[in-house]
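Chemist: need coordinates for the following:
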Amino acid sequence: MQYQNIKIVNMAPQIQGDAPNKITETQTVNVFSANGQCAHGGCPVKHSASQVLSYSELEPNYWPSWATSSCYRKFGIQWNIARLAENPHWCDQTCRQVFLDFTKCSKPELTSRSASDYCNSSTPEWYPVFDATLSGNTCTITVTQGSNTGKYSTTCGCTWGSYPCTCPGVNCSE
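Modeler: Residues are numbered from 1 along each chain as shown. As a prediction, the model looks like this:
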């Protein structure tokens, strides 16, 4: 059976925020969809809050090469914490693209940045850990306390929120 909505819940752990303040607290995530209210600029989701997306808002007719079902849909999720990427001079918010199988409510599959439509290939990745539960026609995907930045632990910040930026530079705080 196919469910009709997904609800993204932000329960990501406390983590050190952007430079120069680097305050350790809960941070927002942004959810990006192909259509609807989260298509342009994403929808911010505060800690302990949620965002509901309908089946029609997600990228349609997409089947990753490993998919066992034709009902996969994708969306982007960004943890709003700035980190230096593999190119140590690139400061940006961490981002991942994920896939959901709409025939079952299960933990989303993560993709690499090279295969991403929602995250720049230079953007630092993060490693969200998800739980999934089905209630009625809604699959709830929770970003859990196990989420982390992996090797992207160096904080940075871009002045006036103008992400991305180059560090060191006039627009960067480290």
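
Chemist: show residues contacting stretch 22-29.
Modeler: 8, 10, 12-17, 44-48, 77-81, 143, 155 (C-beta atoms under 8 Å, 6 or more residues apart in numbering). The C-beta positions use only the backbone N, C-alpha and C, and glycine is treated the same way.

Chemist: helices - which of the residues you listed land there?
Modeler: The members of the contacts of stretch 22-29 all map outside helices under DSSP state H.

Chemist: ok, which stretches of this structure are strands?
Modeler: For the chain, applying DSSP state E gives strands covering 5-10, 15-16, 24-25, 29-32, 43-45, 50-54, 72-84, 90-101, 109-110, 130-135, 138-143, 157-158, 165-166, 172-173.

Chemist: show me what contacts the nearest residue in space to residue 156 that is not next to it in sequence?
Modeler: Counting by C-beta to C-beta, 6 or more residues apart in numbering, residue 156 lies nearest to residue 91, which is 3.8 Å off, once chain neighbours are set aside. Contacts here follow C-beta under 8 Å, 6+ apart; on that basis residue 91 touches 82-85, 156-158, 163-167, 172.

Chemist: list buried residues within those residues.
Modeler: The neighbour-count criterion (16 or more other C-beta atoms under 10 Å) marks 82, 83, 84, 85, 156, 157, 158, 163, 164, 165, 167, 172 among those as buried.

Chemist: isn't residue 127 right up against residue 152?
Modeler: No: Residue 127 is beyond contact range of residue 152, at 9.1 Å (criterion: C-beta atoms under 8 Å).

Chemist: between those two, which has more neighbouring residues?
Modeler: Neighbours per residue (other C-beta atoms under 10 Å) separate residue 127 from residue 152, with residue 152 holding more: 20 against 15.
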